[in-house]
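>>> predicted model, plus sequence, below.
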Amino acid sequence: MDDAALLSTLRARDVRLWIEDTQLKCSAPVGALDAELKQALASRKQAIMTILRQAEARNVERTSIVPIKPDGSRPPIFAVSGHGGDIFCMLPLARHLHAEQPMVGIQPPGLDGSEPLSTVQDLARYEVQQIRKYRPEGPYLIAGHCAGGALAFEVAQQLTAMGQKVALLALIGSAYPTMFNPTSLLLVRLSSYLKVLTPSAFKRRLQLRLERQKGAELVGASNLAARSRVEDATVAAVHNYTPRVYDGHVDLFITADWWHRAHLWKPFARSVSEHHLEKFEVNDLLIGEHVGVLAGALQERLNQIGA
């Protein structure tokens, strides 16, 4: 009996195998494992663990690209994840764009409980690999919000360094990296706690939570502890990120969030278009009742570049 036949037999007997730390674990109904199967499993332990790790790696790779709004004939917008690996808050925006405009998200490693990446360069390198597996050649449309703006910026840098064209680099309510310092983040959290007491803010938070739950069900990323580790690692990575001048065009969608200081991005691009949405904070524009305002501004820019 070879490894594949052994695994097939175990599945047929409802025997479940998994790896915990460095140990192979097994759960089986009473009587499912006879002496012959126990001996086969013990003698092939390392081979079985290798197969399980490979299957897990393939599964993680499949879920790195997430279909936010996959249908449509136009080139897709690649939505780069924010600090918590959360790309599902872009779903309302995707629904408000042209009916033929797809949007897909890229989630970072770590949401499955593995070790998260700790630098923006490494995160971008991983996401570029996923983007090019999904769409090998440009031109590319890249969008990032909040901390994902810095990641989108580095993704565009790496794509252009490969000789690929980036037709759109949209930084939506994206704070400049130095603003992700402990003092600014503490003030933002305190401000958020006060705002959540208002009915409209509570409704937005509830809506975002529901979108995240839907997304977690789609990709199996419901581990809150893992998401927290990804968030901490990404915020630290963005705070330590020093942008290089980007030899391309950046679209800055500037919101009312006082701490973003989006104008600090301007010296780091060959050219910049500013889209002033200062009547609204980024959460109002992504998941609130004013998502149509952001969608209109983004759609206008997509029409201009012929995307």
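On my side now, so go ahead.

>>> quick one, domains of this structure?
3-43, 62-305 (automatic domain parsing).

>>> so how far is the first one from its chain's centroid?
Meaning domain 3-43. Domain 3-43 has its C-alpha centroid displaced from the chain centroid by 35 Å (C-alpha atoms, centre = their mean, to the nearest Å).

>>> kindly report the same for the last one.
The chain centroid and the centroid of domain 62-305 are separated by 8 Å, computed with C-alpha atoms, centre = their mean.

>>> what average pLDDT does that domain get?
Averaging pLDDT along domain 62-305 yields 86.

>>> tell me where this protein has helices.
In the chain, the segments counted as helices under DSSP state H are 3-12, 35-43, 45-64, 91-96, 120-134, 148-161, 182-195, 199-219, 224-239, 282-287, 291-305.

>>> and the last one, what's buried?
Of the residues in helix 291-305, those with enough neighbours to count as buried (16 or more other C-beta atoms under 10 Å) are 291, 293, 294, 295, 297, 298, 299, 301, 302. In this view, the C-beta of every residue, glycine as well, is placed from N, C-alpha and C.

>>> for residue 64, grab the count of nearby residues.
The number of residues packed near residue 64 is 21, by other C-beta atoms under 10 Å.

>>> against residue 162, how distant is the residue nearest to it when sequence neighbours are not counted?
Closest residue to residue 64 apart from its sequence neighbours, by C-beta to C-beta, 6 or more residues apart in numbering: residue 130 at 4.7 Å. Using C-beta to C-beta, to the nearest Å, one gets 14 Å for the distance from residue 130 to residue 162.

>>> could you do residue 22 as well?
For residue 22, the distance to residue 162 - C-beta to C-beta - is 37 Å.

>>> tell me which of those two has more neighbours.
Higher neighbour count among residue 22 and residue 162: residue 162, with 9 against 6, using other C-beta under 10 Å.

>>> give me every residue that touches the more buried one.
Contacts for residue 162 were tallied using C-beta atoms under 8 Å, 6 or more residues apart in numbering; they are residue 128.

>>> ok, residue 251 next?
Shown in contact with residue 251 (C-beta under 8 Å, 6+ apart): 168, 169, 170, 171, 272, 273, 275, 301.

>>> report the buried members of these.
168, 169, 170, 171, 272, 275, 301.

>>> related to what we said a few turns ago, so which of the domains of the chain gets nearest residue 54?
Residue 54 lies closest to domain 3-43 among the domains of the chain, at 11.4 Å (C-beta to C-beta).

>>> what about the closest one, how long is it end to end?
Counting by C-alpha to C-alpha, to the nearest Å, you get 11 Å between the two ends of domain 3-43.

>>> swap in stretch 110-127?
13 Å.

>>> circling back: possible to save the domains of the chain as JSON lines with distance to residue 54?
Output for the domains of the chain, formatted as JSON lines (distance: least, C-beta to C-beta, whole Å):
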{"stretch": "domain 3-43", "distance to residue 54": "11"}
{"stretch": "domain 62-305", "distance to residue 54": "13"}
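
>>> out of the ones you listed, deepest packed?
Ranked by average neighbour count under the criterion mean count of other C-beta atoms under 10 Å, these are headed by domain 62-305 at a mean of 18.

>>> quick one on the thing from earlier: pick the one among the contacts of residue 251 closest to residue 142.
Distance to residue 142 across the contacts of residue 251 (C-beta to C-beta) is lowest for residue 169, with 5.2 Å.

>>> so the closest one bridges to which residues?
As for beta bridges, residue 169 partners with residue 142 under DSSP bridges.

>>> check the spacing between residue 89 and residue 162 real quick.
Distance, residue 89 to residue 162, using C-beta to C-beta: 29 Å.

>>> cool, and residue 21?
Using C-beta to C-beta, we find residue 21 at a distance of 37 Å from residue 162.

>>> do residue 182 as well
To residue 162, residue 182 is 35 Å away according to C-beta to C-beta.

>>> what do you get for residue 284?
Separation of residue 284 from residue 162 (C-beta to C-beta): 36 Å.

>>> what do you get for residue 255?
Taken as C-beta to C-beta, the span from residue 255 to residue 162 is 31 Å.

>>> also residue 250?
Per C-beta to C-beta, residue 250 is found 18 Å from residue 162.

>>> quick check: residue 123 touching residue 236?
No. Using C-beta atoms under 8 Å, residue 123 makes no contact with residue 236, being 11.4 Å away.

>>> mind checking the end-to-end distance for stretch 102-116?
28 Å.

>>> stretch 246-266 now?
By C-alpha to C-alpha, one end of stretch 246-266 lies 10 Å from the other end.

>>> with stretch 132-152 instead?
The stretch stretch 132-152 measures 14 Å between its terminal residues, going by C-alpha to C-alpha.
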